[in-house]
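what's the 3D shape of this:
(one chain, ligands or ions: 1)
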Amino acid sequence: SAAEKGGYDYFMLKEIAEQPKAVADTLLGRIDASGSLALDEVRISAGELREVDKVVIVACGTAFHAGMIAKYAIEHWTRIPCEVELASEFRYRDPILDARSLVIAISQSGETMDTLMALRHAREQGSKVLAICNTNGSTIPRESDAVLYTHAGPEVAVASTKAFLTQLVACYLVALYLGQVRGTKWGDEISAVIRDLSHISGEVDRVLETMEPVRALARSLAGKRTVLFLGRHVGYPVALEGALKLKELAYMHAEGFAAGELKHGPIALIEDDMPVVVVVPSPRGRSVLHDKIVSNIQEIRARGARTIVIAEEGDEAVVPYADHLIRIPATPTLLQPLVATVPLQVFACELATARGNDVDQPRNLAKSVTVE
Ligand code: AGP
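Numbers count the residues shown, from 1 in each chain. Okay, here's the model as predicted:
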């Protein structure tokens with residue numbers, strides 16, 4: 001009913017709008033007064049966490065994209081090798097696991113069969129499994145050694161939005177906690193990022209307030225056949241997520257690529273006036289990547305692409321090559337997906353609506369996939 005949707009036309013719109021609160025709720029009570037992480041609920045002892053020599057993340061769909069981003073964070077802050085794998089592929093390739101492997105299963109519903117089978121396989125090999133899950137008491141957390149709940153609240157729309165942002169928050173918390181417990185040379189950076197995380201909900205809110213031009217752009221592209229998405233580093237999984245949202249909601253051909261792969265094939269796809277969304281890394285931090293992606297934008301534009309550029313406020317280098325410019329607040333490099341994903345959700349939702357689709361119930365899809 002309209003009341004359940006809180007005055008919005010679709011649950012998806014309501015859930016997009018709830019993201020600042022969902023992010024704040026997922027952080028609540030997990031950062032102590034001294035600015036350290038307190039994750040007592042993760043019932044794997046500090047001793048056991050210090051023994052971990054490999055992290056393996058398993059998940060499907062949007063949760064898998066959260067896992068891809070987590071890999072960058074975990075390897076950077078902890079120096080523990082981290083693999084991320086589609087849950088549906090995992091157990092069929094005889095993965096190398098033992099008691100020192102920490103397996104992280106990410107799932108909004110907690111009922112995804114592929115993810116459940118992957119975690120069962122991991123436990124059979126003696127690995128510890130930590131679930132990141134949004135649904136209290138669901139099967140995946142019940143069968144795991146420990147759980148870190150995301151506090152997104154119920155997600156009704158089939159397309160995951162607020163659950164994804166809270167999965168990212170939970171992944172950052174786990175990565176930072178592992179770094180904190182094990183002690184790394186990034187101690188100061190970890191403290192700074194914990195501080196930045198505690199303000200990030202306000203930044204997500206600021207992004208939401210500036211979405212009207214994104215909606216207008218989306219409507220103007222409703223007649224297109226293809227949209228491509230490019231990103232690098234943590235922007236690459238964000239590009240994949242933008243493409244997935246468009247596939248499932250707008251039923252359009254959409255693909256995400258790592259921008260560095262363009263010249264290895266995908267650039268052949270570029271046609272005159274084809275929309276290409278580019279997620280630009282911060283010009284601060286890993287500025288080499290920023291410069292490379294600016295070259296990519298020039299390259300695709302020279303071949304006729306209509307460039308839709310998502311770039312940090314104050315990034316002037318992209319301005320001459322952006323046919324459409326979407327600004328996001330400056331964040332630490334690894335946290336950028338929390339703000340960069342939001343315009344892509346709004347874009348897909350509005351484009352799908354303009355095409356006459358029901359964004360809450362896209363064709364052929366179920367909210368949770370309980371068969372393999
Ligand atoms: C996301 O928009 C999708 N509907 C889908 O990819 C989903 O993320 C995937 O099926 C995993 O679901 P889960 O998080 O409940 O395990």
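
now the residue in the chain positioned nearest to the ligand, nearest residue through space, not along the chain?
As assessed by Cβ to the nearest ligand atom, the ligand sits closest to G61 within the chain, at 1.8 Å. Just so you know, the C-beta spots here come from the backbone N, C-alpha and C atoms, and that holds for glycine as well. Spatial nearest neighbour of G61, excluding adjacent residues (Cβ to Cβ, 6 or more residues apart in numbering): L244 at 6.8 Å.

The one you found contacts F64, doesn't it?
No: between L244 and F64 there is no contact under Cβ atoms under 8 Å: 9.4 Å.

Write out the residues of the stretch 201-350 of the chain neighbouring the ligand.
With Cβ under 6 Å from any ligand atom as the criterion, the stretch 201-350 of the chain meets the ligand at residues E248.

try 8 Å this time
Residues of the stretch 201-350 of the chain lying near the ligand by Cβ under 8 Å from any ligand atom: L244, K245, E248.

next one: the stretch 1-150 of the chain
Residues of the stretch 1-150 of the chain lying near the ligand (Cβ under 8 Å from any ligand atom): 59-64, 106-112, 115, 134-135, 140.

mind redoing it with 5 Å?
Within the stretch 1-150 of the chain, the positions near the ligand by Cβ under 5 Å from any ligand atom are C60, G61, T62, A63, S107, Q108, S109, T112.

Could you list every helix and strand in contact with the helix or strand hosting the residue nearest to G61?
Secondary-structure element containing L244, defined by DSSP states H and E: helix 235-250. In terms of contacts (3 or more Cβ pairs under 8 Å, 6 or more residues apart in numbering; DSSP states H and E), helix 235-250 is packed against helix 61-78, strand 226-231, strand 253-258, strand 275-279, helix 337-354.

Who are the packing partners of the helix or strand encompassing G179?
Using DSSP H and E, G179 falls within helix 162-182. The contact analysis (3+ Cβ pairs under 8 Å, 6+ apart) places helix 162-182 against helix 19-27, helix 46-51, helix 61-78, strand 101-107, strand 128-133, strand 146-149, helix 187-208, helix 337-354.

How far off centre is that helix?
Relative to its chain's centre, helix 162-182 lies at 12 Å (Cα atoms, centre = their mean, to the nearest Å).

And stretch 207-219, by the same measure?
20 Å.

Averaged pLDDT, that stretch. What do you get?
Averaging pLDDT along stretch 207-219 yields 98.
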